[in-house]
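Visitor: Sequence and predicted structure are below.
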Amino acid sequence: MESSSVPVYLKDENLTQETRDLLSSLPSEKGWLVSQMYQFEGIWQTQALVQGIVNCQKHFEANDSDVILATLAKSGTTWLKALLFALIHRHKFPVSGKHPLLVTNPHSLVPYLEGDYCSSPEVNFAELPSPRLMQTHLTQHSLPVSIKSSSCKIIYCCRNPKDMFVSIWHFGRKLAPEKTAEYPIETAVAAFCKGKFIGGPFWDHVLEYWYESLKNPNKVLFVTYEELKKQTEVEVKRIAEFIGCGFTAEEEVSEIVKLCSFESLSSLEVNRQGKLPNGIESNAFFRKGETGGWRDTLSESLADVIDRTTEQKFGGSGLKFSS
Ligand SMILES: Nc1ncnc2c1ncn2[C@@H]1O[C@H](COP(=O)(O)O)[C@@H](OP(=O)(O)O)[C@H]1O
Ligand SMILES: C[C@]12CC[C@@H]3c4ccc(OS(=O)(=O)O)cc4CC[C@H]3[C@@H]1CC[C@@H]2O
């Protein structure tokens with residue numbers, strides 16, 4: 001990758017000596033997009049993200065009114081950022097007006113916590129409209145203490161691992177075409193199933209939030225991309241109730257759902273052109289927006305490898321994915 005096109009989360013230029021010392025004590029492996037990834041608190045990360053996580057854990061102070069969206073990459077983060085922003089701020093920004101989502105990419109409206117902390121321990125969230133809405137890819141156990149101890153709400157969204165893997169596969173190839181061209185998909189599936197992917201192991205991440213949502217249903221709401229796709233309005237109303245801003249009988253949820261649909265967001269100029277401040281192309285977050293699309297990319301035998309891993313890891317949890 002040309003250095004100018006490297007997203008901040010993949011850069012290793014601004015690491016502090018403290019981060020370098022920490023990294024040297026962590027298990028590390030060669031990655032797919034990154035030459036080296038590091039296992040921090042059980043999860044594989046880039047160097048920059050380890051620094052971001054440590055800064056976030058040390059400095060982020062949650063408010064009781066905060067809403068935190070937790071996901072693994074490629075599980076519906078962009079969609080939920082848009083839906084949550086639109087529903088939480090629907091009185092301030094009515095859908096019928098000049099809505100911020102029409103001119104701003106969802107990633108610029110909802111900050112990525114540990115991502116923003118990659119470059120500096122000082123991050124200012126004062127500009128965010130209240131209640132604050134923020135996103136993280138952190139596991140439940142790595143969340144800053146104040147997120148766990150305050151009354152803030154966590155919405156966790158996950159996705160069928162085959163669709164999630166395929167989404168990340170195409171995302172990585174778009175992000176770093178030269179670096180990924182020669183990498184066989186069989187190797188990537190094997191690494192994914194061993195948990196050796198940035199943010200992984202997938203199954204540990206999902207199970208932690210699943211059990212937490214069962215133990216503490218007022219704190220963590222568990223959502224899937226598949227249910228959101230199947231019955232978007234029902235799920236959006238359930239999310240709104242959970243956050244404490246439920247829809248009245250008179251209020252229309254369909255306008256928000258329409259504004260945040262794949263077709264609507266992906267056709268907006270702001271999401272088709274240019275780059276985000278983190279260096280990633282705005283359109284990289286919109287590909288197909290479907291469920292079951294893995295069939296176009298994965299052979300039956302590779303799909304089986306992921307399915308067998310899922311059966312083994314999720315056995316006894318009560319958790320199942322459709323398609
Ligand atoms: N408004 C929307 N509705 C449904 N899916 C959406 C969406 N916006 C983005 N997506 C899809 O969500 C995935 C990206 O996830 P994330 O936002 O977590 O990075 C991509 O999946 P595909 O690659 O399968 O199309 C993308 O197309
Ligand atoms: C989290 C992130 C999307 C995933 C990006 C990613 C995916 C796969 C990788 O391969 S490997 O090196 O682990 O084998 C590496 C990365 C690194 C950056 C990740 C992105 C940062 C912000 C996006 O949401």
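Guide: Nice, I can see it. Ligands and ions are numbered 1, 2, ... in the order given.
Visitor: Quick check: residues of the stretch 1-150 of the chain near ligand 1?
Guide: Contact residues, the stretch 1-150 of the chain versus ligand 1 (Cβ under 6 Å from any ligand atom): 71, 73-79. Using the backbone N, CA and C atoms, a C-beta is placed for each residue, glycine as well.
Visitor: biggest separation within the residues you listed, which pair?
Guide: Spatial extent of those (Cβ to Cβ) is set by the pair Ala73 and Trp79 at 13.1 Å.
Visitor: re earlier: taking the residues of the stretch 1-150 of the chain next to ligand 1, please make a PyMOL selection of just the buried ones.
Guide: Buried members of these, defined by 16 or more other Cβ atoms under 10 Å, are picked up in PyMOL with:
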select buried, resi 71+74+75+76+77+78+79
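Visitor: could you dump the residues of the stretch 1-150 of the chain next to ligand 1 to a markdown table with pLDDT, distance to Ala303 and secondary structure?
Guide: Shown next, in a markdown table, are these (pLDDT from 0 to 100; distance: Cβ to Cβ, whole Å; DSSP: H, G, I helix; E, B strand; the rest coil):
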| residue | pLDDT | distance to Ala303 | secondary structure |
| --- | --- | --- | --- |
| Thr71 | 98 | 22 | strand |
| Ala73 | 97 | 20 | coil |
| Lys74 | 98 | 17 | coil |
| Ser75 | 98 | 18 | coil |
| Gly76 | 98 | 20 | coil |
| Thr77 | 98 | 23 | helix |
| Thr78 | 98 | 25 | helix |
| Trp79 | 98 | 24 | helix |
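Visitor: Closest to ligand 2 out of the residues of the stretch 1-150 of the chain next to ligand 1?
Guide: Ala73 (3.4 Å; Cβ to the nearest ligand atom).
Visitor: distance of the closest one from Phe165?
Guide: Noted for Ala73: a distance of 11 Å to Phe165, by Cβ to Cβ, to the nearest Å.
Visitor: Repeat that for Tyr112.
Guide: Remark: distance between Tyr112 and Phe165 (Cβ to Cβ) = 21 Å.
Visitor: which of the two has more neighbours?
Guide: Phe165 (26 against 20; other Cβ atoms under 10 Å).
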